[in-house]
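>>> heads up, no residue letters with this:
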């Protein structure tokens with residue numbers, strides 16, 4: 001029912017950049033450039049499709065073309081999950097009170113789907129206010145369409161819901177115009193377009209569209225329609241920004257350009273700003289082709305209207321004779337994109353009425369006007385990672401055709417590993433010398449953990465008795481780095497020199513007899529005898545500068561880069577990454593009773609996540625049979641060759657990774673997914689606990705008789721985490737496997753499984769702080785030949801860490817492996833949610849923990865003899 005409640009005028013701001021050429025000229029230039037290409041490479045800008053008439057035809061496609069599944073799939077998600085979406089959007093900024101926020105939609109269109117979000121946003125606001133706390137801005141190219149759609153919204157039932165809760169205004173311009181306007185502060189600290197500061201008001205004129213007649217409207221006559229001027233927003237003020245980019249519009253960008261566009265979005269790192277983006281899946285090609293070539297021919301009208309717009313931009317609406325052109329749509333399966341073309345039905349020439357330039361076309365020549373990329377899971381995760389974005393949540397329609405992703409720009413991210421390309425002049429291994437960017441990312445992670453997750457009250461505490469106090473690790477990392485830099489460069493130790501006597505080496509005592517331990521530093525016994533945190537941080541800063549200076553000296557040629565130099569940098573970098581995880585699994589034991597949850601990442605909304613996890617498809621079968629097969633373990637990385645200057649193409653590793661060797665794997669069966677919390681819980685409360693066969697996992701906690709699962713955000717109920725991989729000791733999991741009639745796989749067996757079925761970081765594996773908790777495993781699904789991930793844990797193997805043929809202890813770090821050839825340590829491979837990609841993705845990496853060590857983030861899956 002139409003609303004008759006009085007409304008304020010619709011405000012629309014023209015944000016076309018005045019310093020740039022006029023939009024028509026810009027489009028004209030693009031048209032000329034595209035038509036000047038050689039045969040087979042001609043193109044027209046996609047923007048031509050979206051004039052006022054084009055937008056109306058597109059609206060007709062979304063309402064009258066059932067074959068165009070993208071719109072109803074996205075609409076289904078929004079209608080069913082809008083309240084969830086808004087809840088998760090607010091998770092990063094909500095503190096229980098009302099928060100003013102800005103919502104900007106790129107390419108708003110008809111607002112039919114958007115109105116569902118606006119309705120949910122309205123429900124999230126408790127009380128109406130004269131100045132609505134949520135401010136929605138629709139960005140689009142056509143002013144009259146903005147006027148029409150915003151006015152219809154205002155008069156709708158949703159508009160009535162929004163009053164006093166969500167304001168709605170328009171921004172007329174391109175994506176680039178809109179993003180530049182936001183970056184300039186155009187929306188910061190504003191709750192309407194009527195409150196632009198004077199510098200922006202001169203640049204961007206505001207127009208108002210109509211006002212409903214009402215008894216109170218006369219009072220507005222005394223007010224000027226000129227833009228009100230207020231002081232600029234407070235420096236550093238922060239209104240949460242939420243960007244909507246629906247309709248799979250991102251698919252119109254080329255691969256690479258899509259990531260660059262997302263990277264340019266003004267989402268502030270670690271701020272709670274979000275992006276809600278729609279992506280079409282890589283569905284059945286026939287389904288996709290039909291969606292873009294409907295039987296009614298409405299899509300054809302939409303595409304052919306673009307030729308009229310092209311002529312208009314050049315100066316003549318009828319420049320392109322529609323009788324000489326046809327629409328051709330096809331799906332390029334290799335590139336996973338639908339391509340829309342104009343096909344010339346005869347040899348012809350089109351003459352630019354202004355410049356008299358002639359553009360020739362051959363019969364059957366194609367001119368591309370639009371591409372619509374489709375996204376596999378690997379495409380999506382690769383795109384987001386390249387754009388520096390983290391998926392917070394994903395909603396998918398009931399037919400699994402389409403997804404809405406909520407993303408944030410977190411405090412830090414780890415980029416994709418760059419694999420060598422044959423065309424590169426210098427093929428660089430991703431496991432060569434760490435880049436400066438890798439160091440900076442690692443330091444950002446380390447600082448987040450040590451400076452923001454450990455309260456001062458915990459610095460002198462041991463969350464785990466078998467490890468040092470928290471403060472030790474703050475000093476250990478820079479000290480280890482300084483010691484090895486000084487040895488390498490033959491330079492004095494970083495001051496204060498005495499740090500190396502306290503912080504050089506940590507402890508890993510035998511679990512059954514903690515008095516038995518490898519050589520380690522002697523540490524102070526009294527809190528007051530430890531160095532202060534501030535002195536450690538100053539020391540850390542000096543050591544980090546030594547690293548950066550070494551890179552500068554290498555770049556300048558002052559120091560010749562050899563493998564030895566690169567090895568020291570590789571070793572110290574990965575050492576820091578290992579210890580970040582060690583410190584985190586220690587802090588996990590105090591989560592909820594001391595440890596501060598991660599800062600700069602939107603916290604999980606457990607009930608929403610659990611609903612999605614509980615609907616995950618089960619594996620197509622419980623196990624897969626592999627072998628017999630010969631596989632390669634390890635790689636050749638001999639420290640005897642460290643004088644070599646062949647660095648960038650070389651993959652470095654720890655001493656237990658060398659040399660490369662062949663191993664035969666017999667036939668065996670292995671479960672698709674690791675043992676879950678739920679599975680182990682059933683075993684534990686059944687025969688496991690009473691018989692004393694297994695111990696209570698340290699990743700669990702008993703609260704008033706109910707078992708919870710520990711997370712860095714505090715304990716969560718078992719029902720939330722029941723599908724996560726269980727984190728517990730090898731002994732516990734080996735017993736579980738044995739009772740089930742199986743065993744823990746050997747290192748070669750598990751490596752063979754990983755080689756065949758792990759999707760990797762680029763495919764969405766839960767690595768590199770994508771989440772700060774495990775998630776359900778996905779291997780064994782119907783798509784991608786069963787590829788997926790294990791949920792974000794290392795995995796135990798039944799292989800005991802020991803010497804192998806060709807093993808040579810490291811000269812730089814002699815005790816790295818040999819100190820643990822004690823029959824107590826099992827080999828673990830893979831990586832956890834807190835393992836950096838260069839560790840987790842190096843298939844030769846071998847980590848190790850004591851078989852009864854209960855704290856490390858390691859799970860296991862069951863293997864069976866055949």
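Received the coordinates, thanks. Since this is a predicted model, take the numbers as computed values, not measurements.
>>> where does the protein dip in pLDDT?
Along the chain, segments meeting pLDDT under 70 span 1-8, 18-25, 94-98, 189-237, 420-426, 507, 517-518.
>>> any idea which helix or strand comes after the lengthiest helix in the chain?
In the chain, with assignment by DSSP state H, the single longest helix is helix 563-588. On the C-terminal side of helix 563-588, the nearest following helix or strand under DSSP states H and E is helix 606-614.
>>> which parts of that following helix are buried?
606, 608-610, 612-613 (16 or more other CB atoms under 10 Å). All C-beta atoms are positioned from the backbone trio N, CA, C, and that covers glycine.
>>> circling back to that earlier point, tell me which strands and helices the longest helix of the chain is in contact with?
Under the contact definition 3 or more CB pairs under 8 Å, 6 or more residues apart in numbering; DSSP states H and E, helix 563-588 sits against helix 436-452, helix 470-489, helix 533-556, helix 837-840.
>>> point out the most buried one among the ones you listed.
Compared across the helices and strands packed on helix 563-588, helix 837-840 shows the largest average neighbour count, a mean of 24 (mean count of other CB atoms under 10 Å).
>>> distance check, residue 461 against residue 51.
66 Å (CB to CB, to the nearest Å).
>>> which of those two has more neighbours?
Neighbour totals were compared for residue 461 and residue 51, and residue 51 leads with 19 against 15 (other CB atoms under 10 Å).
>>> returning to that earlier point: and the buried residues of helix 606-614, which two are furthest apart?
Spanning the widest gap among those are 606 and 612, at 10.9 Å by CB to CB.
>>> related to what we said a few turns ago, relative to helix 533-556, how tilted is the longest helix of the chain?
Orientation check (axes from the mean of the first three to the mean of the last three CA atoms, to 10 degrees): helix 563-588 against helix 533-556 gives 150 degrees.
>>> now helix 563-588: buried residues?
563-577, 579-588.
>>> go on, stretch 361-376?
361, 365-376.
>>> farthest-separated two in the residues you listed?
The most widely separated members of the buried residues of stretch 361-376, counting by CB to CB, are 361 and 376 (34.9 Å).
>>> residue 407 belongs to a helix?
No: Residue 407 is assigned strand when assessed by DSSP: H, G, I helix; E, B strand; the rest coil, not a helix.
>>> and it, what does it touch?
274-277, 384, 389-392 (CB atoms under 8 Å, 6 or more residues apart in numbering).
>>> of those residues, which belong to strands?
Counting by DSSP state E, the contacts of residue 407 place 274-277, 390-392 in strands.
>>> please tell me which one of those residues counts the most neighbours.
Among the ones in strands among the contacts of residue 407, the one with the most neighbours (other CB under 10 Å) is residue 274, at 29 neighbours.
>>> which residues sit in contact with that one?
Neighbouring residues of residue 274 by CB under 8 Å, 6+ apart: 89, 92, 240-243, 267, 392, 406-408, 602.
>>> ok, now with 10 Å
85, 88-93, 101, 103, 240-244, 267, 389, 392-393, 406-409, 602 (CB atoms under 10 Å, 6 or more residues apart in numbering).
>>> tally of neighbours for residue 63?
Neighbours around residue 63, by other CB under 10 Å: 14.
>>> oops, could you answer that again for residue 240 instead?
20.
>>> check contacts around residue 579.
446, 449, 473, 476-477, 480, 506.
>>> at 8 Å instead, please
Neighbours of residue 579 in contact, by CB under 8 Å, 6+ apart: 473, 476-477, 506.
>>> identify the farthest-apart pair in those.
The span of the contacts of residue 579, defined through CB to CB, is set by 477 and 506 at 10.2 Å.
>>> hang on, the earlier thing: can you list the ones in strands among the contacts of residue 407 in CSV and add distance to residue 114?
What follows is these, written out as CSV (distance: CB to CB, whole Å):
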residue, distance to residue 114
274, 15
275, 15
276, 10
277, 14
390, 24
391, 22
392, 20
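>>> distance check, the closest residue to residue 385 other than its chain neighbours against residue 791.
Ranked by CB to CB, 6 or more residues apart in numbering and with sequence neighbours excluded, the top spatial neighbour of residue 385 is residue 416, at 5.2 Å. In this view, residue 416 and residue 791 are 20 Å apart by CB to CB.
>>> now swap in residue 691 and tell me
28 Å.
>>> okay, those two: which has more neighbours?
For residue 691 and residue 791, the more surrounded residue by other CB under 10 Å is residue 791, and the numbers stand at 25 against 10.
>>> great, nothing more from me.
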